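> Make a model of this:
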Amino acid sequence: MTDQAPPVYSGPSRVLSGVQPSGALHLGNYLGALVKFTRLQHEMDTFIFVADMHAITVWQDPKLLASQVREIAAAYLAAGVDPKKATIFPQSAVPEHAELAWVFNCVARLGWLDRMTQFKDKAGKHKERESVGLYTYPVLQAADILVYKATHVPVGEDQRQHLELTRDIAAKFNHDFEAPAFFPLPEALTEGPGARIMSLRDGSAKMSKSDPSDNSRLNLLDDADTIAQKVRKARTDPDPLPATLDELKDRPEALNLIGIYAALDGRSAAQVLAEFTGQGFGAFKPKLADLAVARLGPVGAEMRRLMADPAEIDRVLADGAQRARAAAAPNLAQVKKIVGYWGS
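Have a look, this model is predicted:
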């Protein structure tokens, strides 16, 4: 007699992702997330949220948070996410996220959270002073994903560990409550250009909203002059561009700029390098600046137009929240029944 293979989740393919409203979006967010969202919405059922619950794990000004949520939603729309195809909503407007997170808090193990490197990086030597939310937010992240039974999650390398935690929580829930394949084990989507855009000031550091230097990033709301100026000031080296990518492995700033050009132009880095081989950055940077302005300028202009009409953004968010709750509520109801809650 042979062992039977464990059951496999057989529900529909569904993608979920979100961005925190905790600072201005930049080129890395655009290429690493927003461009992917616009593609994925045509491939599978897509849920894109604004992660305001995650944002408050560190202090956010309550007077600004709602407008920051609208700004992220405006960026989604300006980048091409269609609210008729994808469900766009604020995380806090769907209470099922928090309800499922509590169940998962009782499934996840302390040892699992202790291994999360992002908390260690953010808390540093003063973890006792950090909020409990910052420590446990990977559990809420698991609930964000699994309350919709999402099967695919676009992630950067810095979030891969959290997705592994989500898979562990899903597997343990399925096992502990004898509900085989109830939750899927979500897969990471990391392929494609722009997965990791580095700082314009330091090619070894990821482009970040939290970098104190505004010149380290191209913000989506930067005007054309600012974009061109930041590209001109981007850190480089004195050597001309070589013929092969292997020759750039010890030149992180040069490699980053070639990668940015390739991602913006929809080509491979090798193709871009072939075009500019032998040229210096005095020739390359103006071409990159023109390309960045051409790609980001319309996105920034559309964001500004949308943000001037907050009522329209709120309409999109309210409609998305209603659709998200309609998808999440039946799954949470099943969880309550499986767990044994009264009245379920």
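> Least confident secondary structure element in the chain?
Here the helix or strand of the chain ranked lowest by mean pLDDT, DSSP states H and E is helix 117-123, holding a mean of 70.
> In the protein, where's the longest helix?
helix 310-339 (DSSP state H).
> Can you show me the helices along the protein?
Using DSSP H, helices in the chain cover 27-29, 35-40, 52-55, 62-79, 96-105, 110-114, 117-123, 132-146, 160-176, 224-233, 252-265, 269-276, 281-307, 310-339.
> hmm, who's touching the second one?
Surrounding helix 35-40, the residues in contact under the criterion C-beta atoms under 8 Å, 6 or more residues apart in numbering are 15, 17, 46, 48, 76, 79-81, 86, 152, 154, 189, 192, 194. (Each C-beta comes from the backbone N, C-alpha and C, glycine too.)
> Low-confidence bits of the chain, can you list those?
1-5, 120-125, 157-158, 191-195 (pLDDT under 70).
> Contact partners for residue 211?
199, 201, 205, 217.
> Now it: phi and psi?
Dihedral angles of residue 211 (phi, psi; degrees, to the nearest 10) stand at phi -60, psi 130.
> roughly how far apart are it and residue 50?
22 Å (C-beta to C-beta, to the nearest Å).
> just residue 40 next, same as before
If you go by C-beta to C-beta, the gap between residue 40 and residue 50 works out to 17 Å.
> Which one's more surrounded, those two?
Legend: neighbour count by other C-beta atoms under 10 Å for residue 40 and residue 50, higher for residue 50 (27 against 21).
> show me what contacts the more buried one?
Counted by C-beta under 8 Å, 6+ apart, residue 50 has contacts 18, 19, 20, 21, 69, 72, 73, 88, 89, 90, 91, 317.
> 10 Å instead?
By C-beta atoms under 10 Å, 6 or more residues apart in numbering, residue 50 lies in contact with 18-21, 68-73, 75-76, 88-93, 317, 320.
> Equivalent analysis for residue 339, please.
103, 106, 107, 173, 176, 177, 179.
> Would you mind putting these into JSON lines with distance to residue 131 and neighbour count alongside?
Formatted as JSON lines, the contacts of residue 339 follow (distance: C-beta to C-beta, whole Å; neighbours: other C-beta atoms under 10 Å):
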{"residue": "103", "distance to residue 131": "21", "neighbour count": "21"}
{"residue": "106", "distance to residue 131": "20", "neighbour count": "10"}
{"residue": "107", "distance to residue 131": "21", "neighbour count": "20"}
{"residue": "173", "distance to residue 131": "25", "neighbour count": "23"}
{"residue": "176", "distance to residue 131": "28", "neighbour count": "12"}
{"residue": "177", "distance to residue 131": "29", "neighbour count": "15"}
{"residue": "179", "distance to residue 131": "32", "neighbour count": "15"}
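> how about the residues you listed, which pair is most distant?
Pairwise distances across the contacts of residue 339 (C-beta to C-beta) peak at 15.0 Å, for the pair 106 and 179.
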